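Student: mind looking at a prediction? Sequence and model below.
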Amino acid sequence: MVTTRIPLIAGNWKMNLDHLQAIATVQKLAWTLRDKGHPFSEVEVAVFPPFTDLRSVQTLVGADSLDVRYGGQDLSEHDGGAYTGEISGQFLAKLDCHYVIVGHSERREYHHEDDGVVARKTAAALKHGVTPVVCVGETAADLEEHGASAVPVGQLKAVLDAVDAASDIVVAYEPVWAIGSGQAATPEQAQQVCQALRATLAEAWGDEAAARTRILYGGSVKSSNIAGFMAQKDVDGALVGGASLDPEEFAAIARFRNHVGTV
Ligand SMILES: O=C(CO)COP(=O)(O)O
């Protein structure tokens, strides 16, 4: 059986762009993608705005029948109740969020989210029908001490052991040292870890799950380096931070096929 993994170009806006700026950004993104004849069935595009923008993004996407998908940057492990400041997966589902990011390194570092929390958040997303984008990655210190694969593989295993093997998830490999540094991993480094992550999927969930699950690379991705990553066998897309705030640059990343040979 041949499994085709549709590439996913995802933009994590982090804590940038208020709801008015979000409207302008999504409009510009949609216009640019349409203008370039973006083949949505061949390359999926998704944005991850702050929670306060999601309703505006939903309205725009719905009103214009856009093929751009969107999701939250985090969710609560709880379904609802006395959890001040938390956002339930139910609320995201109600806003037609297709995806939600879980376990981003900024959440792990600043909000002390450990593997247990990330696994429970992944389960919560799945429970509400929102596809989790599970982030894993090593710090510079981890890299020096354990090599590149050990920490991300361990982080992924913790999630895979906690949720059903038939689950639909996306994995994002984001080396912490490459995030926002302008110092992306090399395509070969990304491939090496993504291959190890796919082997982890195969071991925990079986070959079919490993063949269908998309693994993204994230960390200083831009239009000038995307083609090198996408040429790797086990890299199925990108999770883009800074460069996703500029809709023309983000749309150019989504056109990675046109940049082959420019890296
Ligand atoms: O953290 C990231 C996406 O989630 C990557 O951020 P940058 O693309 O800004 O390095």
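Tutor: Perfect, thanks for sending it.

Student: just give me the neighbour total for the residue in the stretch 151-263 of the chain that the ligand sits nearest to.
Tutor: Residue of the stretch 151-263 of the chain nearest the ligand, by Cβ to the nearest ligand atom: residue 241 (2.2 Å). Any C-beta I mention is one placed from the backbone N, CA and C, and that applies to glycine too. Counted with other Cβ atoms under 10 Å, the neighbours of residue 241 add up to 22.

Student: can you tell me the closest non-neighbouring residue to it?
Tutor: Spatial nearest neighbour of residue 241, excluding adjacent residues (Cβ to Cβ, 6 or more residues apart in numbering): residue 12 at 5.3 Å.

Student: report the contact partners of the residue of the stretch 151-263 of the chain closest to the ligand.
Tutor: Each residue near residue 241 by Cβ atoms under 8 Å, 6 or more residues apart in numbering is listed here: 11, 12, 14, 179, 180, 218.

Student: can you tell me which of those has the most neighbours?
Tutor: Within those, most neighbours by other Cβ under 10 Å means residue 11, with 29 neighbours.

Student: how many residues are close by the nearest residue to that one once chain neighbours are set aside?
Tutor: Distance criterion Cβ to Cβ, 6+ apart; nearest residue to residue 11, sequence neighbours excluded, is residue 244 at 2.7 Å. When counting by other Cβ under 10 Å, one arrives at 30 neighbours for residue 244.

Student: what does residue 244 show for phi and psi?
Tutor: phi -80, psi -10 (degrees, to the nearest 10).

Student: separation between it and residue 173?
Tutor: Between residue 244 and residue 173 the distance, using Cβ to Cβ, to the nearest Å, works out to 17 Å.

Student: same thing with residue 47?
Tutor: Here residue 47 is placed at a distance of 20 Å from residue 173 (Cβ to Cβ).

Student: residue numbers of the stretch 101-250 of the chain in contact with the ligand?
Tutor: Contact residues (Cβ under 6 Å from any ligand atom) of the stretch 101-250 of the chain with the ligand: 104, 174, 179-180, 218-221, 239-243.

Student: please redo it, this time with the cut-off set to 8 Å
Tutor: 101, 104-106, 135, 172, 174, 178-182, 184, 218-222, 239-244 (Cβ under 8 Å from any ligand atom).

Student: ok, which stretches of the stretch 51-200 of the chain are helices?
Tutor: Here the stretch 51-200 of the chain has its helices, by DSSP state H, counting those that start in this stretch, at 54-63, 89-94, 105-110, 115-127, 140-146, 150-160, 187-205.

Student: thanks a lot, catch you later.
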